[in-house]
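> When you get a sec, could you give me coordinates for this:
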Amino acid sequence: MKRTLTLLAFLACSQFAFAAVNINTATAAELDAVKTISPAKAKAIVDYRTEHGPFKSIDELKKVKGFGDKSVARVAAELTVDGTSTVAASVKAAR
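Presented below is the predicted three-dimensional model:
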């Protein structure tokens, strides 16, 4: 029984690790919560978005300083340009 409860708790918490973050609405803290995005890259995304407007696709991250083909490919599954962010900023601290 204890094992089942532990598994259920883990599954409930792990949903946030795979949740999508909207790069058009997320704060720097929410972006920083994504495993492969550093605080500097999170700030660069917000700064770029503020200056150039919303992203039309995840591939546009290549225009942001610090992002290239490989880094965009690595993070693409965790990001979106539609909907609302569904990840808590506290996720990064839990890793």
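> ok, which stretches of the chain are strands?
Assigned by DSSP state E, the chain shows strands spanning 21-22, 79-80.
> Can you lay out those as a markdown table showing distance to residue 37 and mean pLDDT?
(C-beta placed from N, C-alpha, C; glycine too.) What follows is those, written out as a markdown table (distance: least, C-beta to C-beta, whole Å; pLDDT from 0 to 100):
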| stretch | distance to residue 37 | mean pLDDT |
| --- | --- | --- |
| strand 21-22 | 9 | 94 |
| strand 79-80 | 9 | 94 |
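> would you turn those strands into a markdown table with mean neighbour count and distance to residue 50?
As requested, the strands of the chain are exported to a markdown table (neighbours: other C-beta atoms under 10 Å; distance: least, C-beta to C-beta, whole Å):
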| stretch | mean neighbour count | distance to residue 50 |
| --- | --- | --- |
| strand 21-22 | 23 | 15 |
| strand 79-80 | 22 | 17 |
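> Once you drop chain neighbours, what's closest to residue 67?
Leaving aside its sequence neighbours, residue 67 sits nearest to residue 61 (C-beta to C-beta, 6 or more residues apart in numbering; 4.6 Å).
> Burial check on that neighbour, number of neighbours?
By other C-beta atoms under 10 Å, 23 other residues sit near residue 61.
> Now do it against residue 83, distance only.
Look at residue 61 and residue 83: by C-beta to C-beta, to the nearest Å, they are 17 Å apart.
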